[in-house]
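Enquirer: Could you work out the structure for the sequence below:
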Amino acid sequence: MTPSTQPEQLAPAFCEGIQYYGPAWPGFAEHAAEPAIVEGAAGVADARAPAAAYQTLLAADALRYLTLQVCGAKASGHPGGFASSAEAYAALVMLGHTNIVTEVGHHAPGFYSAMFLDTSLEEMGIRTVQDMRERFRERHGLLGHLSGAIPGLLAPAGPLGQGQHFAMAGALLHPGTLFPVTIGDGGMGEPYVLNSMMHFNTAYPAATNYLPVLVWNGYSQEHHAMCATWSNDEMTAYWKGHGFDSVFLVDARQFDDQNQVGAYVDSTRFSFERRLDFVAAVLRAADQAAKSALGGRRTVLIVKQLKGAGVHKLGAKAHNLYPADTLDAEHIVDGLQRRALNPEAWRVVRENFRRAGGGPAARTVVTERAPAPAPLPALPINTFTPGDKQVPATAFGALAAFVGQHDPRFVVTNADGNEASAMANINVALKIRHPVEDGLYHQGPTGQVYEPLNEDACAGLAAGLALFGGRSLWLSYESFAINGWPIVQTVTQAMAELRRKTPSFVCMFTAGALEQGRNGWTHQRPEIENYFAAQMRNGNVYPLFPCDANQIQVAYEWALDTHNKGIAIIASKSPLPVYTTLDQAREGIERGAVTLYESAAGGKTVVFAVTGDMVLLPVFEAKDRLEAAGFRVRIVSAANPRRLYRPTDVAWDTVSEPDNAFMDDDHFNALFDADALIGVSGGPAGPLEPILLRTRAARRDVMAWKRGETTASPGEIMAFNGLTGEAMAARAMALLA
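Expert: Numbers count the residues shown, from 1 in each chain. Okay, here's the model as predicted:
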């Protein structure tokens, strides 16, 4: 087949940039004269109608063609995985289920093709295939992996094992709406995908309105999938063993009439009649699965066909394009020509996609009209008296409980137990969600505290709820949080790009390294704070280090009033001194830092710039030693270090809901000017970077966490890391000598 000018003259304007057209398929006049989705409908009227199956197959090939051509335009991108899901994706759209998320970032060009076909991409100026080719994998265009900032797409997709969290969050926030989530069999090798769904199914048995769609194609990125040797019965048993009631499995091999070798076959190689039979089976199975899921049964749809079906190569070799895979390469040309459609077919496919779900996804999917969270009254903040001892985590827990009592959709997630983190007040007020009701353990089937023993599942559901417009809170031990942080990073980056407001993602990490003596180094891993510190420069990430029980309350109050941000609050679960009034506490959060103590008299000045709460104990001990030696001491709590950067250090002006509230030089110098400055952290030194960048103190140093060890007390673990009052005073004297 060669390019023809005649079809181009007949093609709709949006087809500009399509290189190849083909003849009309057999039966086109009978089954595709008019779109199968009638005007005003959200999906086909009858999933068993021949025209519905015929036009679903047209849609699948249109998606394959666009996916391969846009990737070939840049000799880059991932066409193979999505190609094997094309019938499943097309079937869901034709049925009107367009709130689709994915676990597979490599399916991006297929999802972009769908958004192009339904006209959603016109909102970013992409009106023709040529526009899409030019903007693919370009800045301000269609990035290589999915972003929720693209019109019509609900959520990002990058690291494997995350997409199901978005589907489950959508199911909780929008009962009655189906949230399909495509999952690759390569990604299914990550154990937490089904693990997280199993816990969700147990905790929320009525929330069945999400539909995993397993793209079982036999391969992962560069080799066979780990489940490639399973039989259909084994795969079915695997899902049923994880709490799914109904498994709809369509195996392309059962329709093969070309004697293809192996368990996985390419349906595009079938005769035309058998291709129609296969897509009709997928459409019927998708319809039954959707009705099952919306009808209260935990359901999965599995489509089994070879990776790369219908594009340029097969198996893992279809996964990725390389520099030689251009639109002029013979195998790319051959792949495009085999999928080429006639101009009228493009018109029919676009009209079906434009009507599906009630209109273009950019105007109809739930994240384009995220629900407003329930209004909250003023938080009942306790006014603790400076000098008293209070537990910061418990003070925080009281406010979290209050939020849950006034927002029924608020969910708290925790893997290691709120009670162990001095926040039993949350469990008492909101109850752990569990099918067994037991007052002794504050649990019951309608609780708002979600407790899978998996930090990824905790972080994932909480992050998904925030991204989709709900309030949530992830609570963890600081030492375990790294196991869930990658999805927080994904979601906060997505929030930075969103075209709408959404509640900030908030988490609180207790039992910092300094508290966990006898547990040893397994509970002493505060290095994650360096992760937060690195993300501060992104523009919308805020690690907060409240110094006491007053400041942690105003920190949460501040966080609840923000949008499109990622906020990590780090605090202790031990009784600690209260240093601030509420006004001082707010000053520290709003401006970034506040003075906790300053000597009335003395000689040379030493400033301690501190992130954390428990580590202030040896700092105040060092103050006593230094004052006795004739020095002046100022202790400054750096509660919100992101606001201590210079504006040019942070990409604040590149994000949604930009915040350029940085401390000015006069206020910064008033806090941190000194003859010697020592940055002190009970964790790593990263959060102190903005202070060290800006300070004018020529003599400066840092005293921070080094590593964990089993000890009998917090004091001993601080001593092991050199964080004692004696050591701090000696360091200051050495700097001034």
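
Enquirer: Go through stretch 427-435 and flag the buried ones.
Expert: Asn427, Ala429, Leu430, Lys431, Ile432, Arg433, His434 (16 or more other Cβ atoms under 10 Å). Glycine gets a C-beta too; all of them are placed from N, C-alpha and C.

Enquirer: now, which of these sits nearest Arg274?
Expert: Arg433 (47.2 Å; Cβ to Cβ).

Enquirer: which one is the closest one nearest to, not counting chain neighbours?
Expert: Excluding the flanking residues, the one nearest Arg433 by Cβ to Cβ, 6 or more residues apart in numbering is Gly447, at 3.8 Å.

Enquirer: And the one you found, how far from Thr364?
Expert: To Thr364, Gly447 is 33 Å away according to Cβ to Cβ, to the nearest Å.

Enquirer: just Ala24 next, same as before
Expert: 31 Å.

Enquirer: So between the two, which is more surrounded?
Expert: Thr364 (19 against 13; other Cβ atoms under 10 Å).

Enquirer: ok, back up a step: may I ask which two of the buried residues of stretch 427-435 are separated the most?
Expert: So, these by Cβ to Cβ: farthest apart are Ala429 and His434, at 15.6 Å.

Enquirer: Show me the shaky parts of the stretch 1-150 of the chain.
Expert: Low-confidence segments of the stretch 1-150 of the chain (pLDDT under 70): 1-8.

Enquirer: can you give me the helices in it?
Expert: 5-10, 28-31, 50-74, 80-83, 86-94, 108-117, 129-135 (DSSP state H, counting those that start in this stretch).

Enquirer: Go ahead and flag the most central residue of the chain.
Expert: Val491 (3.4 Å; Cα atoms, centre = their mean).

Enquirer: A helix includes it, no?
Expert: Yes - under DSSP: H, G, I helix; E, B strand; the rest coil, Val491 falls within a helix.

Enquirer: how much space is there between it and Val541?
Expert: 11 Å.

Enquirer: quick one: common contacting residues for the two?
Expert: By Cβ atoms under 8 Å, 6 or more residues apart in numbering, Val491 and Val541 have these common neighbours: Gly566.

Enquirer: those helices in the stretch 151-300 of the chain, which residues are they?
Expert: 163-173, 192-203, 232-240, 272-294.

Enquirer: And for Leu596, the neighbour number?
Expert: That count, for Leu596 with other Cβ under 10 Å as the rule, works out to 24.

Enquirer: what about Gly357, which SS state?
Expert: Going by three-state DSSP: Gly357 is helix.

Enquirer: contacting residues around it?
Expert: Gly357 neighbours (Cβ under 8 Å, 6+ apart): Ala42, Gly43, Val93, Gly96, His97, Thr98, Asn99, Thr364, Val365.

Enquirer: my guess is Trp485 contacts Glu527, does it?
Expert: No - in terms of Cβ atoms under 8 Å, Trp485 does not count as a neighbour of Glu527; the distance is 11.3 Å.

Enquirer: neighbour count winner among these two?
Expert: Comparing Trp485 with Glu527 by neighbour count (other Cβ under 10 Å), the higher total belongs to Trp485, at 25 against 17.

Enquirer: Let me know the pLDDT of that one.
Expert: pLDDT for Trp485: 92.

Enquirer: Kindly report the same for Glu190.
Expert: Glu190 is given a pLDDT of 66.

Enquirer: repeat for Leu473
Expert: 98.

Enquirer: That one should be in a strand, yeah?
Expert: Yes - under three-state DSSP, Leu473 sits within a strand.

Enquirer: how far away is the nearest residue to Lys604 once chain neighbours are set aside from Thr229?
Expert: In this structure, Lys604 finds its nearest non-sequential neighbour in Asp675, 4.1 Å apart by Cβ to Cβ, 6+ apart. Per Cβ to Cβ, Asp675 is found 70 Å from Thr229.

Enquirer: do Phe270 as well
Expert: The value you get for Phe270 to Thr229, if Cβ to Cβ is used, is 24 Å.

Enquirer: higher neighbour count, the two?
Expert: Phe270 (20 against 10).

Enquirer: show me what contacts that one?
Expert: By Cβ under 8 Å, 6+ apart, the neighbours of Phe270 are Phe255, Asp256, Asp257, Gln258, Phe278.

Enquirer: Could you do Ala318 as well?
Expert: Pro79, Gly80, Gly81, Ala83, Lys307, Gly308, Val311, His312.

Enquirer: next one: Ala73
Expert: Arg133, Glu134, Phe136, Leu327.

Enquirer: sorry, back to before: looking at neighbours, which among the contacts of Ala318 is most surrounded?
Expert: Result: Ala83 is most packed of these (other Cβ under 10 Å), 34 neighbours.

Enquirer: from memory that residue sits against Ala309, does it?
Expert: Yes - between Ala83 and Ala309 a contact is recorded at 5.3 Å, counting by Cβ under 8 Å.

Enquirer: picking up where we left off before, what's the farthest-apart pair in the contacts of Gly357?
Expert: Gly43 and Val365 (14.5 Å).

Enquirer: I'd say Gly77 and Leu321 touch.
Expert: Yes - the pair Gly77 and Leu321 qualifies as a contact (Cβ under 8 Å) at a distance of 5.6 Å.

Enquirer: Overlap in contacts, those two.
Expert: Cys71.

Enquirer: Can you give me the pLDDT of the closest residue in space to Asn209 that isn't next to it in sequence?
Expert: Once flanking residues are discounted, Asn209 sits nearest to Ala171: 4.7 Å by Cβ to Cβ, 6+ apart. Here, the pLDDT recorded for Ala171 equals 98.

Enquirer: can you pull the contacts of Ala171?
Expert: Per Cβ under 8 Å, 6+ apart, neighbours of Ala171: Thr177, Phe179, Tyr204, Ala207, Thr208, Asn209, Tyr210.

Enquirer: Just name the closest of these to Ser246, please.
Expert: Thr208 (9.6 Å).

Enquirer: Report the separation between that closest one and Leu143.
Expert: 33 Å.

Enquirer: Asp583 now?
Expert: In terms of Cβ to Cβ, Asp583 sits 44 Å off from Leu143.

Enquirer: Of the two, which one has the most company?
Expert: Leu143 (20 against 11).

Enquirer: Tell me how many other residues crowd the closest residue to Met423 other than its chain neighbours.
Expert: Nearest residue to Met423, sequence neighbours excluded (Cβ to Cβ, 6+ apart): Gly397, at 3.5 Å. Look at Gly397: counted by other Cβ under 10 Å, it has 29 neighbours.

Enquirer: circling back to that earlier point, could the contacts of Gly357 go into JSON lines alongside distance to Ala534?
Expert: What follows is these, written out as JSON lines (distance: Cβ to Cβ, whole Å):
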{"residue": "Ala42", "distance to Ala534": "44"}
{"residue": "Gly43", "distance to Ala534": "45"}
{"residue": "Val93", "distance to Ala534": "39"}
{"residue": "Gly96", "distance to Ala534": "43"}
{"residue": "His97", "distance to Ala534": "39"}
{"residue": "Thr98", "distance to Ala534": "36"}
{"residue": "Asn99", "distance to Ala534": "33"}
{"residue": "Thr364", "distance to Ala534": "37"}
{"residue": "Val365", "distance to Ala534": "32"}
